[in-house]
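Asks: Model the following, please.
(chains A and B, ligands or ions: 2)
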Amino acid sequence: MPRSIEFREAIREAMCEEMRRDARVFLLGEEVAQYQGAYKVSRGMLKEFGPRRVIDAPISENGFSGLGIGAAMYGLRPIIEFMSWSFSLVAADQILNNAPKMLYMSGGQFPIPIVFRGNGGAGGQLGSTHSWCVESMYANVPGLKMAIPFDAYDAKGLLKTAIRDDNPVFVLESERLLSVKGEVPEGDYLVPFGEAAIRRQGTDCTIVSFGRPLYFCLEAAESLAAEGIECEVIDGRTVRPLDIETISRSVARTNYCVVVDESWPFASIGAELAAQIHVLNFDDLDNHVVRVQADDVPAPYAYNLEQEMLPNARKICEAVRAVTYAA
Amino acid sequence: MSTMATPPAAEQNLAAKLPDETLREWLSDMLLIREFEVRSMQAYQNKKIGGFLHIYIGQEAVAVGAVAALNDDDPVITAYRDHGLALARGTDPKHCMAELLGRIGGCSKGKGGSMHFFDKARSMYGGHGIVGAQCPLGVGLAFATRYQDEVIEEGRSRHVTVCFLGDGALNQGAFHEAMNLAGILDLPMIFACENNGYAMGTAIDRGTTRADDLAVKAVAYGLERATINGMDVQKVYDGMKPIVEQCRRASRPAFVELRTYRYKGHSMSDPRKYRTKEEEQYYEEEDPIDRLANYLMTQRSFDGEAYEALVKKTRTRVREAIKWAEASPAPDLDELYTDVYVDTWGPYLGTSPPKMNDK
Ligand SMILES: Cc1ncc(C[n+]2csc(CCOP(=O)(O)OP(=O)(O)O)c2C)c(N)n1
Ligand SMILES: [Mg+2]
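Replies: Residues are numbered from 1 along each chain as shown, chains lettered A, B, ... in the order given. Ligands and ions are numbered 1, 2, ... in the order given. Predicted coordinates:
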């Protein structure tokens, strides 16, 4: 019997299963233990694993990120929770300088098997400081891996893969998806890194995205289907490693591509995808790749402005019509 | 958070009770560091070493005395002025020199450089370039030893981590976050501040409050504290040993100020215009190597001849190390894509540790 659970429960299940399996795994972050998680992701974990393995950290992101990295140097496998990836900016030195470079700087002596995870992305009228989409900025750095789960199934499977990975992995979850239910098997399964998933098949245009904006892509694909445009929607799943092959194969069939990326357009994942597709599919494309990204402005508070700033189904529809010359 | 049951006893003359042989080893280690640094400066001037080179001359007693107070498997970590600590920990000077020359035989395969010496087998967790950034890492090491000892092995916490930092790092947020975390989590570690009076050209009292008594930094965080004369290796040992054992027993952190002096510039390009010749002379007269040599020659079975022999032996050792390092090849170009990720994917070629003489 398939079982339906919330995205947040899927994350919790991944952590609990991995902690039962490997005593070196522990969870550290703000409010993860006694408060049961700022977003209730870690509810019940303190009770099962005790305060030695589920640890409340003070509001000290640079400090406790570095703590995790130091512990990983010694051989532990920390899971560090950011209440929001927006707050990881004060830990930038540790997560970008130390985690992804330690193995290299030490000539191969110190791998950093660590997971940084938490809410990423905008979408709840939180204003500029709390609405960061860090993926483009952080994906620039070699030495880290990055996963952005789309549904509860992937949330569990990708996180388990992340915890077992011997490299630093950034897992960007969306606060807006935490309550969304999905079918999740009980027990062990892994979603491998670097394997994109085709979320909807289509022949007329390829749409590529990661995480929450995929829901807007699927919504757009439905209304475009009514207009006679069949879109193929691809979930990249991991940004590093990037499964450009699956994307490229799809574009070779559809000859058109729209990239949807929640972060700012300048020097972004969207720009990177467009560049790679232009190189790989130069002879296949019947138009240049069109990008749908957040507007190049700080995230506003007002509901209408925020909605206008972020990628949405309307913008994606417009982009697909434009790229396929249907408009 | 708990507090220590009893403050560490200010034990006197612990080093004086140690056998001749131990103190001779300290002298030998300090001489090795100094000779290594003198030859490094020459190599830098001959353009064999690139980038930044931060010289440890003057501070030798700190690394040697502190390491002597530790067990071999107690983790140590420091900033970029790291040659002395690696050598004190027993990393072969040939691997250190090869690192400076950017060779595959280096202690980081030539990929770290002067600021990033690492030696896993000797629990040397690096050389770190960002001022203060090693402090949270040190907290993580102490967290991990305690977790390993208590949670995984279900025994007693039995390690102590020493995290060295410059006086300039006292002004970094990372340091203060680390002190608070170590305090709140009851971690067995010592923040060992090497106060050499300057952060580059900034005299300590121009950058740091309460420069007259840095150990007060420990008070607000509830850490044990001590002030130690870092120009005298016996005093370093005497000061560190009881605190190390107290931290080990009680699983609590401490902060110590080690008062020392760097004889050379901040890095090789520093003309030292911000301080006087008199000041430099004063500290050169306090020289930690001369002090221990004099002690050994006046109070122990050691004489001028034995000292000369030791100096000569050290010179030969460093000369041999340079020869070995120069013969070590530059890293193969494959190394560019090695050690980025542990696994092999895309352009990345997996990882392989340096081939250092095993312990
Ligand atoms: C975050 C950061 N800011 C600036 C620098 C440049 N810098 C390198 S060393 C140094 C002075 C640090 O002095 P101190 O901590 O006293 O150590 P010492 O050099 O005396 O050993 C500065 C400013 C740096 N490496 N990292
Ligand atoms: Mg200094």
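Asks: where exactly do the helices run in the stretch 101-250 of chain A?
Replies: A:102-105, A:135-139, A:152-164, A:213-226, A:244-254 (DSSP state H, counting those that start in this stretch).
Asks: An error on my part: the question was meant for the stretch 101-250 of chain B.
Replies: Using DSSP H, counting those that start in this stretch, helices in the stretch 101-250 of chain B cover B:134-146, B:173-184, B:204-207, B:233-250.
Asks: what's the most buried one of the ones you listed?
Replies: helix B:134-146 (a mean of 31; mean count of other C-beta atoms under 10 Å in any protein chain shown). C-beta: built from backbone N, CA, C; applies to glycine.
Asks: From B:His95, how far out is the closest residue to ligand 1 within chain A?
Replies: Taking C-beta to the nearest ligand atom, ligand 1 has its nearest neighbour within chain A at A:Asp93, 7.5 Å off. Separation of A:Asp93 from B:His95 (C-beta to C-beta, to the nearest Å) stands at 28 Å.
Asks: Mind checking which of the two has more residues around it?
Replies: Counted by other C-beta atoms under 10 Å in any protein chain shown, A:Asp93 and B:His95 do not tie: B:His95 has more neighbours, with 25 against 18.
Asks: what about that one, helix or strand, and which?
Replies: Element membership for B:His95 (DSSP states H and E) is helix B:93-100.
Asks: CA-only coordinates of that helix in PDB, if you can.
Replies: Output in PDB follows, covering the C-alpha atoms of helix B:93-100 (Å, rounded to 0.1, in the frame of the first residue of the first chain):
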ATOM      1  CA  PRO B  93      60.700  19.100   7.400                       C
ATOM      2  CA  LYS B  94      61.100  17.600   3.900                       C
ATOM      3  CA  HIS B  95      57.300  17.400   3.400                       C
ATOM      4  CA  CYS B  96      57.000  20.900   4.800                       C
ATOM      5  CA  MET B  97      59.700  22.300   2.500                       C
ATOM      6  CA  ALA B  98      58.200  20.500  -0.500                       C
ATOM      7  CA  GLU B  99      54.800  22.100   0.300                       C
ATOM      8  CA  LEU B 100      56.500  25.600   0.200                       C
END
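Asks: how big is the angle separating whichever strand or helix holds B:Ala309 from helix B:93-100?
Replies: When secondary structure is defined by DSSP H and E, B:Ala309 falls within helix B:304-327. Angle between the axes of helix B:304-327 and helix B:93-100 is 40 degrees (criterion: axes from the mean of the first three to the mean of the last three C-alpha atoms, to 10 degrees).
Asks: Can you get me a residue count around B:Met200?
Replies: 13.
Asks: For ligand 1, see how far away it is.
Replies: Taking C-beta to the nearest ligand atom, to the nearest Å as the measure, B:Met200 falls 4 Å from ligand 1.
Asks: Then B:Arg300?
Replies: For B:Arg300 relative to ligand 1 (C-beta to the nearest ligand atom), the value is 32 Å.
Asks: Export the helices of the stretch 101-250 of chain A to a markdown table and append columns for mean neighbour count.
Replies: Formatted as a markdown table, the helices of the stretch 101-250 of chain A follow (neighbours: other C-beta atoms under 10 Å in any protein chain shown):
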| stretch | mean neighbour count |
| --- | --- |
| helix A:102-105 | 26 |
| helix A:135-139 | 21 |
| helix A:152-164 | 24 |
| helix A:213-226 | 20 |
| helix A:244-254 | 19 |
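Asks: which stretch among these comes nearest chain B?
Replies: helix A:102-105 (4.5 Å; C-beta to the nearest C-beta).
Asks: how about the closest one, does it reach chain B?
Replies: Yes: applying C-beta under 8 Å from any C-beta of the partner chain, one finds helix A:102-105 in contact with chain B at A:Met102, A:Leu103, A:Tyr104, A:Met105.
Asks: The nearest residue to A:Glu262 once chain neighbours are set aside: what's it in contact with?
Replies: Spatially, and ignoring its direct neighbours in sequence, A:Glu262 is nearest to A:Cys133 (4.5 Å; C-beta to C-beta, 6 or more residues apart in numbering or on different chains). Taking C-beta atoms under 8 Å, 6 or more residues apart in numbering or on different chains, we find A:Cys133 in contact with A:Gly120, A:Gly121, A:Ala122, A:Glu262, A:Ser263, A:Trp264, A:Ala294.
Asks: Can you flag the buried ones in those residues?
Replies: In the contacts of A:Cys133, burial by neighbour count holds for A:Gly120, A:Gly121, A:Ala122, A:Glu262, A:Ser263, A:Trp264, A:Ala294, counting by 16 or more other C-beta atoms under 10 Å in any protein chain shown.
Asks: where does the residue of the stretch 251-359 of chain B found nearest ligand 2 land on pLDDT?
Replies: Taking C-beta to the ion, ligand 2 has its nearest neighbour within the stretch 251-359 of chain B at B:Arg262, 7.0 Å off. Per-residue pLDDT puts B:Arg262 at 97.
Asks: A:Ala327 too?
Replies: 77.
Asks: Could you pick out the residues of chain B near ligand 1 for me?
Replies: Residues of chain B lying close to ligand 1 (C-beta under 6 Å from any ligand atom) are B:81, B:129-131, B:166-169, B:196, B:198-200, B:266.
Asks: how about the strands in chain B?
Replies: Ranges of strands within chain B are B:76-78, B:124-127, B:161-166, B:189-195, B:198-199, B:202-203, B:224-229, B:254-259, B:344-345, B:348-349, based on DSSP state E.
Asks: JSON lines please, covering the helices of the stretch 101-250 of chain B and showing distance to ligand 2.
Replies: Shown next, in JSON lines, are these (distance: least, C-beta to the ion, whole Å):
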{"stretch": "helix B:134-146", "distance to ligand 2": "14"}
{"stretch": "helix B:173-184", "distance to ligand 2": "13"}
{"stretch": "helix B:204-207", "distance to ligand 2": "7"}
{"stretch": "helix B:233-250", "distance to ligand 2": "17"}
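Asks: okay, those helices in CSV with mean pLDDT and distance to A:Thr203 next?
Replies: Listed next are those as CSV, based on pLDDT from 0 to 100; distance: least, C-beta to C-beta, whole Å:
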stretch, mean pLDDT, distance to A:Thr203
helix B:134-146, 98, 51
helix B:173-184, 98, 54
helix B:204-207, 96, 66
helix B:233-250, 98, 67
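Asks: what about stretch B:293-307, how long is it end to end?
Replies: End-to-end distance for stretch B:293-307, by C-alpha to C-alpha, to the nearest Å: 7 Å.
Asks: Tell me how far it lies from the chain's centre.
Replies: 26 Å (C-alpha atoms, centre = their mean, to the nearest Å).
Asks: what's the answer for stretch B:175-195, then?
Replies: The chain centroid and the centroid of stretch B:175-195 are separated by 16 Å under C-alpha atoms, centre = their mean.
Asks: so, in contact with chain A or not, it?
Replies: Yes: residues of stretch B:175-195 contacting chain A under C-beta under 8 Å from any C-beta: B:Glu177, B:Ala178, B:Asn180, B:Leu181, B:Ile184, B:Leu185.
Asks: ok, and for stretch B:264-283, which residues are buried?
Replies: B:Lys264, B:Gly265, B:His266, B:Ser267, B:Met268, B:Asp270, B:Arg272, B:Glu280, B:Tyr283.
Asks: Ok, stretch A:41-59 next?
Replies: In terms of neighbour count (16+ other C-beta under 10 Å), stretch A:41-59 has its buried residues at A:Val41, A:Ser42, A:Met45, A:Leu46, A:Phe49, A:Arg53, A:Val54, A:Ile55, A:Asp56, A:Ala57.
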